[in-house]
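Colleague: Based on what follows, work out the 3D shape:
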Amino acid sequence: MTRRFGDRARFAVEVGEVWPPPPTPATELRTVDLWAAGKWLTTDDNTAFLPTFIRFLRSTAGKVRRREVSPCPFPQRAPEEVFHLLHADDETDFREQFWLMHWGETVDNVTSYAYLDGDDLVIVFSYWRAEHPFPEDLGKVFVARIPADEFATVLDEAADLLDAELVR
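Modeller: Now for the predicted structure:
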């Protein structure tokens, strides 16, 4: 049974089945789907290695709760333009301060940046792999806006469930 935390239209984590499915002995792998702006982020690999993935979720939730996320680097620009400006800067380390969801293979098919805009976390992302299952989305920039504390709560709740079900 899948458990959803959050809202797909803003940001959601959906925790699915243990992988591989029973009767195979339990493992530290789990199906986890991530959504932002109504788009499925984990199109290429939605199998998470729980010890690492739980640590990513908790660390990111803490960072957001403490507001250790940079504000918008270009406040007079639209989020899509912010994405393009950050993405084009491959000669400095400036854009790295806007990396937030670098959670391994589960999201390595998207380029994403995040920043604070008041009390909201803004996530801008684009798919980059040519073999994306939704070719009409390639090259487009998507924007998810979610209250920062809600985002952190979604991550914490998903991490709590995954941690409780982790076979130790």
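Colleague: okay, CA-based contacts and neighbour counts for the rest of this
Modeller: OK.
Colleague: in the longest helix that the chain contains, what counts as buried?
Modeller: Secondary structure assigned by DSSP state H gives helix 148-165 as the longest helix of the chain. Neighbour-count burial for helix 148-165, counted by 16 or more other C-alpha atoms under 10 Å, picks out 148-159, 162-163.
Colleague: Lowest mean pLDDT among the helices and strands of this structure, which one is it?
Modeller: strand 11-19 (a mean of 88; mean pLDDT, DSSP states H and E).
Colleague: List the contacts of that one.
Modeller: 1-6, 26-27, 29-38, 47, 144, 146, 151, 154-155, 158, 162 (C-alpha atoms under 8 Å, 6 or more residues apart in numbering).
Colleague: can you redo the buried residues of helix 148-165 as CSV with distance to residue 68?
Modeller: Shown next, in CSV, are those (distance: C-alpha to C-alpha, whole Å):
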residue, distance to residue 68
148, 11
149, 12
150, 15
151, 14
152, 12
153, 16
154, 17
155, 16
156, 16
157, 20
158, 21
159, 20
162, 24
163, 24
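Colleague: Flag the shaky bits of this structure, pLDDT-wise.
Modeller: Low-confidence segments of the chain, defined by pLDDT under 70: 19-26, 167-168.
Colleague: What ranges does the chain have for its helices?
Modeller: Counting by DSSP H, the helices of the chain are 50-65, 79-88, 148-165.
Colleague: Including distance to residue 107, could these go into CSV?
Modeller: Listed next are the helices of the chain as CSV, based on distance: least, C-alpha to C-alpha, whole Å:
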stretch, distance to residue 107
helix 50-65, 11
helix 79-88, 16
helix 148-165, 15
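Colleague: Tell me which of the contacts of strand 11-19 fall in strands.
Modeller: Those of the contacts of strand 11-19 mapping onto strands are 3-6, 29-36, 47, 144, 146, per DSSP state E.
Colleague: looking at these, which has the most residues close by?
Modeller: Within these, most neighbours by other C-alpha atoms under 10 Å means residue 32, with 25 neighbours.
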